[in-house]
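S.K.: sharing a model prediction with you, sequence too.
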Amino acid sequence: MTTSTDRSEAPSEVDGSSRITAPQLAVRGLVVLALTKIALQCAGITRYGFFRDELYYMACGRHLAWGYIDQPPLIGLFAWFSHHVLGDSIISIRVLPVLAGAAVVFLTGVLARELGGGRFAQLFAAGAILLAPSYLAFDSFFSMNAFEPLFWTLCVWLAIRIVKGGSPKLWLAFGVVSGIGVENKHTMLVFGFALIAGLLLTGNQSILRSKWLWIGGLIALALFLPNLLWEAHHGWPQVEVVRNAQLLKNEQIGPFVFLGQQVLFLNPLALPIWLAGILWCFMAPEEKRFRFLGWAYVIILAIFIVGDGKSYYPLPIYSVLFAAGAVTWERVSSLSRRRQRKALIPLVAISGLFMLPWAVPILPVGAFLSYENLFPAFFRAQTERDATARLPQLYADMLGWPTLAETVSRVYHALPPDEQAGCAIFAGNYGEAGAIDYYGPGLGLPMAISGHNSYFDWGPRGYSGDCVILVGERSDQYKKYFGEADLVARSPNPHGMPIERDVPIYVCRKPIAPLSKLWPHFRMII
């Protein structure tokens, strides 16, 4: 990475321009903003509990593989690393997302510098992304979404360096980063396609003819290949997951709502920044070489809108738009415009802080609900159909898991000792199963089984089904496979998602067939 003492750039390979002096990198200011990001994330890091998906990803970390039903393998490897190096606490599992988010803040400032921005542009861009609610929410818990913006931003930085005349060997680094990024989340493929398409659309064919680009592409493919082969061997389950989610799970929204949620997710008063970034990418006459960034954004947005993707899927690309927009605001030279530029800073900061409770769980449940009631429903964006809890889904799915595990423990230990040894705990979804797997060992419980996503691949673990504690989602449907099913308890969770508010727990006996034979009936891929 270019440091503050490296003030020059190589001649451009695209337009043959002479050597120019790059602005100095505002290292200290960017470090302060990155540390501020860490402080904001830590303010709510233990307020509630584990998010549903975190419990599942930790289970994936105990079953390392080249792929999982609903995601590539990197998140499982990160979970394995957290467990073996950092520990199993909620703070340990969230260290990596917090650090990734801080790196994105710093790199957004670096992008502004690469686009010609001085100290103001660098700090303005980094500060805007720091207070973007979606980025704060991504980094509040352990998930693929926390790492995706880092991979995209690194690739954009490398592409900009290449277009500005940097060594074409940087395509090798691009291949490494993008290949690892695909192993984190498959939407990296959309980003890669859009970036290359943007270069083609803007007359950068000479860059694309470089042998180093093709070698970098081969590196990316080699890194992706193990997961690609895993997907092929398992019948392309990721395609099934996406299709089922679109049909059964995701909230269907039109293009205007999709675009409106971009504004909301990024802080409504920050719209002038990234909108200026789009205009700069397409209209700045002296920077035509960067128009590929604008086209990449348009293509990414179009793919996710037409493909019924969730509205947060394009969010990792906005770091470059914030950077370009900050450069635009910096370059405005009239006195009146300077005043507007200075006025925008506190407006963005204040609105970002107002929206902070939706992104980072800094408030107790009661205080948050009271705070939320002060604002219109516009501030709540629903991406899934069953997200009807009073709390946002991010928070609702952080509650109730210890209570669930403790309730199951009481049921399990109430069984006769000879029955406990062979009794399976069957959870309806991966959140419930993950909660039992995380809290269960301390409560004397065996690991759970489930038919949901990758838990289905891990199978019934040798249980006969003669005694099964059936927990949660779809238990009313699954109990029909047993001749005897007694409802023995319920686990309350008043602020949870609908399927977790009053979780039924059955003790089932007399299966109609061995559990290994019944297993295909429990498959739930979504």
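M.R.: All right, it came through fine. Numbering: from 1, shown residues only.
S.K.: in the chain, where is pLDDT below threshold?
M.R.: The model of the chain has pLDDT under 70 over residues 1-21, 333-340, 377-389.
S.K.: contacts only, for the most centrally placed residue in it.
M.R.: Most central in the chain under CA atoms, centre = their mean is residue 145, positioned 1.1 Å from the mean C-alpha point. Shown in contact with residue 145 (CB atoms under 8 Å, 6 or more residues apart in numbering): 138, 185, 312. The C-beta positions use only the backbone N, C-alpha and C, and glycine is treated the same way.
S.K.: for the helix or strand where residue 111 lies, buried residues please.
M.R.: Element membership for residue 111 (DSSP states H and E) is helix 90-114. Buried residues in helix 90-114, counted by 16 or more other CB atoms under 10 Å: 90, 93-114.
S.K.: next secondary structure element downstream of the one helix or strand the residue nearest to the centre of the chain maps to?
M.R.: If you go by DSSP H and E, residue 145 is part of helix 144-163. Moving toward the C-terminus from helix 144-163, the next helix or strand (DSSP H and E) is helix 170-184.
S.K.: what does that next one contact?
M.R.: Helix 170-184 is contacted from outside by 72-75, 144, 147-148, 151-152, 154-155, 158-159, 161-162, 188-189, 191-192, 210, 212-213, 215-224, 227, using CB under 8 Å, 6+ apart.
S.K.: tell me the angle of that helix relative to helix 144-163?
M.R.: Using axes from the mean of the first three to the mean of the last three CA atoms, to 10 degrees, one finds that helix 170-184 and helix 144-163 are set 170 degrees apart in direction.
S.K.: relative to helix 144-163, how tilted is the helix or strand following helix 170-184?
M.R.: Along the chain past helix 170-184, the next helix or strand (assigned with DSSP H and E) turns out to be helix 188-201. Angle of helix 188-201 versus helix 144-163, following the same axes, to 10 degrees, is 20 degrees.
S.K.: got the CA coordinates for helix 188-201 in CSV?
M.R.: Extracted C-alpha coordinates of helix 188-201, given in CSV (Å, rounded to 0.1, in the frame of the first residue of the first chain):
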residue,chain,number,x,y,z
MET,A,188,-17.9,-11.7,-5.3
LEU,A,189,-18.5,-13.2,-8.7
VAL,A,190,-21.0,-10.5,-9.5
PHE,A,191,-18.5,-7.9,-8.4
GLY,A,192,-15.7,-9.4,-10.5
PHE,A,193,-17.9,-9.6,-13.6
ALA,A,194,-19.1,-6.0,-13.2
LEU,A,195,-15.6,-4.6,-12.7
ILE,A,196,-14.3,-6.3,-15.9
ALA,A,197,-17.4,-5.3,-17.8
GLY,A,198,-16.9,-1.8,-16.7
LEU,A,199,-13.3,-1.8,-18.0
LEU,A,200,-14.5,-3.1,-21.3
LEU,A,201,-17.2,-0.5,-21.6
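S.K.: buried set for it?
M.R.: The neighbour-count check on helix 188-201 (16+ other CB under 10 Å) flags 188, 190-192, 194-199 as buried.
S.K.: residue 232: neighbour count?
M.R.: Residue 232 has 10 neighbours, counted by other CB atoms under 10 Å.
S.K.: pretty sure it is in a strand, no?
M.R.: No: the assignment for residue 232, made by DSSP: H, G, I helix; E, B strand; the rest coil, is helix rather than a strand.
S.K.: tell me the angle of the helix or strand containing residue 280 relative to helix 90-114?
M.R.: Here residue 280 sits within helix 271-283, counting by DSSP H and E. Compare the direction of helix 271-283 with that of helix 90-114 by the same axes, to 10 degrees and you get 50 degrees.
S.K.: report the angle between the host helix or strand of residue 302 and helix 90-114.
M.R.: Using DSSP H and E, residue 302 sits within helix 291-306. Interaxial angle, helix 291-306 versus helix 90-114 (the same axes, to 10 degrees): 140 degrees.
S.K.: now for helix 291-306, which elements pack on it?
M.R.: Contact partners of helix 291-306 among helices and strands, from 3 or more CB pairs under 8 Å, 6 or more residues apart in numbering; DSSP states H and E: helix 144-163, helix 188-201, helix 255-265, helix 271-283, helix 318-331.
S.K.: and those, which is most packed in?
M.R.: Comparing the helices and strands packed on helix 291-306 on average neighbours per residue, with mean count of other CB atoms under 10 Å, the densest one is helix 318-331 at a mean of 28.
S.K.: who are the contact partners of residue 213?
M.R.: Contact analysis of residue 213 by CB under 8 Å, 6+ apart lists 168, 171, 207.
S.K.: look up phi and psi at it.
M.R.: With angles defined as degrees, to the nearest 10, residue 213 sits at phi -60, psi -40.
S.K.: please apply the same query to the one 3 residues further on.
M.R.: Comment: the main-chain dihedrals of residue 216 come out as phi -60, psi -40, following degrees, to the nearest 10.
S.K.: go on, residue 266?
M.R.: Here is the backbone geometry of residue 266 (degrees, to the nearest 10): phi -100, psi 10.
S.K.: with the one 3 residues further on instead?
M.R.: In terms of degrees, to the nearest 10, the main-chain angles of residue 269 are phi -80, psi 0.
S.K.: and it, how far is that from residue 437?
M.R.: The spacing between residue 269 and residue 437, counted by CB to CB, to the nearest Å, is 42 Å.
S.K.: what's near enough to touch residue 29?
M.R.: So residue 29 contacts 109, 119, 122-123, 126 (CB under 8 Å, 6+ apart).
S.K.: out of the contacts of residue 145, which comes closest to residue 514?
M.R.: When those are compared for distance to residue 514 (CB to CB), residue 185 wins out at 37.5 Å.
S.K.: surely the closest one meets residue 144?
M.R.: Yes: the pair residue 185 and residue 144 qualifies as a contact (CB atoms under 8 Å) at a distance of 4.4 Å.
S.K.: hey, what's in contact with both of those two?
M.R.: Joint contacts of residue 185 and residue 144 (CB under 8 Å, 6+ apart) are residue 71.
S.K.: rewinding a little: show me what the helix holding residue 280 is packed against.
M.R.: Helix 271-283 sits against helix 119-130, helix 291-306, helix 318-331, helix 335-359, with contacts defined as 3+ CB pairs under 8 Å, 6+ apart.
S.K.: the same query, at a cut-off of 7 Å, please.
M.R.: If you count contacts as 3 or more CB pairs under 7 Å, 6 or more residues apart in numbering; DSSP states H and E, helix 271-283 packs onto helix 291-306, helix 318-331.
S.K.: of all those helices, which lies closest to residue 426?
M.R.: With CB to CB as the criterion, residue 426 lies closest to helix 291-306 of the helices and strands packed on helix 271-283, at 35.7 Å.
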